[in-house]
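In: give me coordinates for this.
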Amino acid sequence: MNLDIIIHAVVEFVRVHQHWTLPIVFVLAFGESLAFLSLLLPATVILLGLGALFGESGLAFLPIWLAASAGAFFGDWFSYWLGKHYQHQVEHMWPFSRHPHMLEKGHLFFERWGVWGVFIGRFFGPLRAVVPLVAGICGMPRVYFQVANLVSALIWGFGMLAPGMFGMQWLHNWID
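Out: Numbering: from 1, shown residues only. This is a model prediction of the structure:
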C-alpha cells in the first residue's frame, strides 16, 4: 500500500473523528517507539501532520502531548522488556535475523553512550527501533533506563506535535 495513502487516511480519519485523537496519537507513538514495528509504521510523518491538523482545530495541546509521550514511553519500555526477557534470542527474530547490522550498530551506540544513548536514540529513526532493546539485552539498570526513557519521551512528544500545532495557530493569528 502506498505510504501517502496511509498517511492521508489516518489524518483524515482523525479530522473527522476527533474523539479518537488521544488513542490514535498514543498508538502511533507506541508503534513508532516499539522495536520491530517502528520499522514498518510511518508514525513520525503522521504525527507531524496531525500536529498541524490539531493546530487548525484548536484542540488542547497538553492531553495530546501527554498521549504521544505516554505512547513513546511505553513503546520503549516494552522494547526494553523484550530485550531483558529474550536476551540474545532477539538476534534470531525478524528483522534482526535478516539485518543483523541493525542490532550491531545499536549495540555499539549503546556501549559508547550508555544512558545518554537511550536518551539520544529516541530522536534518530533507526536507533529508536534498537537502542531500548539493546539496553534490555545488556542489562541496563531499570531505573536509569526509565529516567532516560521518560525525559526523552516528553521531549520527543513535544517535538512531534508542537511545530504543527503552534505553527498553525501562529499562522492563523498572523493572517488575521
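
In: going by C-alpha atoms from here, please, whenever you check contacts or count neighbours.
Out: Fine.

In: other SSEs contacting whichever helix in the chain runs longest?
Out: Ranked by residue count under DSSP state H, the longest helix found in the chain is helix 142-175. For helix 142-175, the packing partners by 3 or more C-alpha pairs under 8 Å, 6 or more residues apart in numbering; DSSP states H and E come out as helix 43-57, helix 61-86, helix 115-121.

In: name the residues of it that are buried.
Out: By 16 or more other C-alpha atoms under 10 Å, the buried positions in helix 142-175 come out as 145-146, 148-150, 152-154, 156-169.

In: between it and helix 43-57, how big is the angle?
Out: Calculated by axes from the mean of the first three to the mean of the last three C-alpha atoms, to 10 degrees, helix 142-175 forms an angle of 40 degrees with helix 43-57.

In: the inter-axis angle of helix 142-175 versus helix 61-86?
Out: Orientation check (the same axes, to 10 degrees): helix 142-175 against helix 61-86 gives 150 degrees.

In: so what touches the helix or strand where residue 104 lies?
Out: Using DSSP states H and E, residue 104 maps to helix 100-113. Helix 100-113 has contacts (C-alpha atoms under 8 Å, 6 or more residues apart in numbering) with 91, 96, 117-118, 126-127, 130-131, 134-135.
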